[in-house]
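>>> predicted coordinates and the sequence they were generated for:
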2 protein chains.
Amino acid sequence: MVLTVHHLQRSQSERIVWLCEELGIDYELKIYQRERASLGAPSDLKAIHPTGTAPVIQDGDVTISESGAIMDYLMGQYGNGALSASSNVPNFSDYAFWYHWGIGTFQSTTMTLIYVIKAGVEETHPVLQVLKQKITNSLEMMDQRLMQYKWLAGEEFTAADVYAVFIVTTMRLFTPFPLLGYSGIKRWLENVSHRPAYRRMTEKAEQSESRGEVPVLCDEAPRPMASY
Amino acid sequence: MVLTVHHLQRSQSERIVWLCEELGIDYELKIYQRERASLGAPSDLKAIHPTGTAPVIQDGDVTISESGAIMDYLMGQYGNGALSASSNVPNFSDYAFWYHWGIGTFQSTTMTLIYVIKAGVEETHPVLQVLKQKITNSLEMMDQRLMQYKWLAGEEFTAADVYAVFIVTTMRLFTPFPLLGYSGIKRWLENVSHRPAYRRMTEKAEQSESRGEVPVLCDEAPRPMASY
């Protein structure tokens, strides 16, 4: 029985494909493209789990969605402790912080900004300024960390990196911002781009994307998704 | 050396106080009130961690913020396996899903709605309707789960419940919505209200809140925070 990863192209499910590649898990990849008009998930993907979003995986009787849950599940079932820090190592609190912060704060704030912009709120509105400032604070905090350490949890690559990379790469297709000046983040993304598992993810998961090559690892603001 | 929990009243840090009570951890509680004008954290709380938000805990050399990270840290250091499901039990995927879904989707969507409303977006705007529909979908999914099982992960109370309760209770002070009709959620909140640890949290963490008793476990929409 093979694990199936349902991947919506140009979405956060890229991190599940990447994690499978990092852990050497045998999986079947099902690729979906966003609906042209809404940029949302197509109905056949929505039908798999009540949340109606990517990522979703199926593993025997188990159907599970939500990035963090899938990552915990895959590391627990197939990881043999790889890519996560156990609670008795000194950097456990760093791992836990950066792993959850990606989910709980940074991605959540960026998502909020996408909706506020979509709702037509003016550039000068204080709420928009507050959100942009929060994102700048997040980038600065992350950059300072990555100036000090090779990876978010310390000197070892972990699932905290797998979680967070999407937020400063592919997610910028929906609310483009540059990364100029953040040399810690830039070096981190360069290191990510050299990982064979990340390269395999890009080839396998995005190759049939018909909107062309997207330089998501760039430090300039990418062209937004809608314009492809 | 005693663990210090920095708690902002009427905020998600209530779940950290609650978790400490559930796990029987010895901790010192430092209580902060929201700034009257902004409803944000006061500057002495902001100074403790670069994220500038509650919750934050300090444990010896470790200073850590972000609910999920603190919960993983506390369960890892002091929990002896309590309140979390290990990866070899049958309901591990349920535990992982509901734990992360609270962080990654439900709270994030509710937070987005708070910002969109704050930005003055009209009631009829499609973006606002989309967000409200997402919250309704989340409540329905949760309600169906809680009609079937006593707690989110199954028959046992876990950290998934500790994570999610705040979203349908105290968080409603910022974007009030009723829970009428959701009988699964209502029974779940009744069960929560009977837990001695939850009661101790309310007494210890909210007792000096000067804005009066807030019936956060009610099924009607509560009065919004700003009006206290």
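Sure thing, it's come through.

>>> gap between A:Ala41 and A:Thr63?
As judged by Cβ to Cβ, to the nearest Å, A:Ala41 and A:Thr63 stand 15 Å apart. Backbone N, C-alpha and C define where each C-beta goes, glycine included.

>>> the more surrounded of these two?
When A:Ala41 and A:Thr63 are compared for neighbours, A:Ala41 comes out ahead with 23 against 16, by other Cβ atoms under 10 Å in any protein chain shown.

>>> contacts only, for the more buried one.
Neighbouring residues of A:Ala41 by Cβ atoms under 8 Å, 6 or more residues apart in numbering or on different chains: A:Leu8, A:Ser11, A:Tyr32, A:Arg34, A:Glu35, A:Gly52, A:Thr53, A:Ala54.

>>> in strands, which of those residues fall?
A:Leu8, A:Tyr32 (DSSP state E).

>>> in helices, which of the contacts of A:Ala41 fall?
Here DSSP state H is the test, and the contacts of A:Ala41 give no hits in helices at all.

>>> what is the nearest of the contacts of A:Ala41 to A:Glu190?
Minimum distance to A:Glu190 across the contacts of A:Ala41 is 23.1 Å, recorded for A:Ser11 (Cβ to Cβ).

>>> in chain A, which spans are strands?
Remark: strands assigned in chain A by DSSP E are A:3-8, A:27-32, A:56-59, A:62-65.

>>> can I get those strands in CSV including mean pLDDT?
CSV is the format used below for those (pLDDT from 0 to 100):
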stretch, mean pLDDT
strand A:3-8, 96
strand A:27-32, 96
strand A:56-59, 97
strand A:62-65, 96
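
>>> tally of neighbours for the closest residue to A:Arg172 other than its chain neighbours?
Using Cβ to Cβ, 6 or more residues apart in numbering or on different chains and skipping residues adjacent in sequence, the residue nearest A:Arg172 is A:Pro222, 5.5 Å away. As a burial measure, A:Pro222 scores 18 neighbours (other Cβ under 10 Å).

>>> what's the answer for A:Asp61, then?
Number of residues near A:Asp61 (other Cβ under 10 Å) recorded here: 8.

>>> any idea how chain A splits into domains?
Residue ranges for the domains of chain A, per the TED database: A:1-76, A:89-195+A:204-225.

>>> average pLDDT across the last one?
Spelled out, it's domain A:89-195+A:204-225. Taken as a whole, domain A:89-195+A:204-225 has a mean pLDDT of 90.

>>> that domain: end-to-end distance?
Criterion Cα to Cα, to the nearest Å; first-to-last residue distance in domain A:89-195+A:204-225 is 41 Å.

>>> chain center to it: distance?
In terms of Cα atoms, centre = their mean, to the nearest Å, the centre of domain A:89-195+A:204-225 is found 8 Å from the chain centre.

>>> next one: stretch A:10-18
6 Å.

>>> which residues does the nearest residue to A:Tyr99 once chain neighbours are set aside contact?
Sequence neighbours aside, A:Ala160 is the residue nearest to A:Tyr99 in space, at 4.1 Å (criterion: Cβ to Cβ, 6+ apart). Counting by Cβ under 8 Å, 6+ apart, A:Ala160 touches A:Tyr95, A:Trp98, A:Tyr99, A:Gly102, A:Trp151, A:Leu152, A:Ala153.

>>> burial of the last one, as a residue count?
It stands for A:Ala153. Neighbour count of A:Ala153, defined by other Cβ under 10 Å: 26.

>>> can you name the residues that contact the nearest residue to it once chain neighbours are set aside?
Nearest non-adjacent residue to A:Ala153, counting by Cβ to Cβ, 6+ apart: A:Tyr95, 4.0 Å away. With contact set as Cβ under 8 Å, 6+ apart, A:Tyr95 has these partners: A:Ser84, A:Ala85, A:Leu152, A:Ala153, A:Gly154, A:Thr158, A:Ala160.

>>> so who does the most centrally placed residue in chain A touch?
Against the mean C-alpha coordinate of chain A, by Cα atoms, centre = their mean, the closest residue is A:Phe166 at 2.8 Å. Going by Cβ under 8 Å, 6+ apart, A:Phe166 touches A:Gln12, A:Glu14, A:Arg15, A:Gln107.

>>> and which of these is nearest to A:Leu3?
Of all the contacts of A:Phe166, A:Leu3 sits closest to A:Arg15, with 15.3 Å by Cβ to Cβ.

>>> the closest one contacts A:Ser67, doesn't it?
Yes - between A:Arg15 and A:Ser67 there is a contact under Cβ atoms under 8 Å: 6.1 Å.

>>> quick one, helices of chain A?
Using DSSP H, helices in chain A cover A:14-23, A:43-46, A:67-78, A:92-101, A:107-118, A:126-148, A:159-168, A:183-193, A:196-206.

>>> between those helices, which gets nearest to B:Arg187?
helix A:67-78 (24.3 Å).

>>> quick one: average confidence on the closest one?
Per-residue pLDDT over helix A:67-78 has a mean of 95.

>>> then that helix to PDB, C-alphas only?
Extracted C-alpha coordinates of helix A:67-78, given in PDB (Å, rounded to 0.1, in the frame of the first residue of the first chain):
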ATOM      1  CA  SER A  67       0.700  20.800   6.800                       C
ATOM      2  CA  GLY A  68       1.900  20.500  10.400                       C
ATOM      3  CA  ALA A  69      -0.200  17.400  11.100                       C
ATOM      4  CA  ILE A  70       1.000  15.700   8.000                       C
ATOM      5  CA  MET A  71       4.600  16.500   8.800                       C
ATOM      6  CA  ASP A  72       4.200  15.200  12.300                       C
ATOM      7  CA  TYR A  73       2.500  12.100  11.000                       C
ATOM      8  CA  LEU A  74       5.200  11.400   8.300                       C
ATOM      9  CA  MET A  75       8.100  12.000  10.700                       C
ATOM     10  CA  GLY A  76       6.400   9.800  13.300                       C
ATOM     11  CA  GLN A  77       5.500   7.000  11.000                       C
ATOM     12  CA  TYR A  78       8.500   7.000   8.600                       C
END
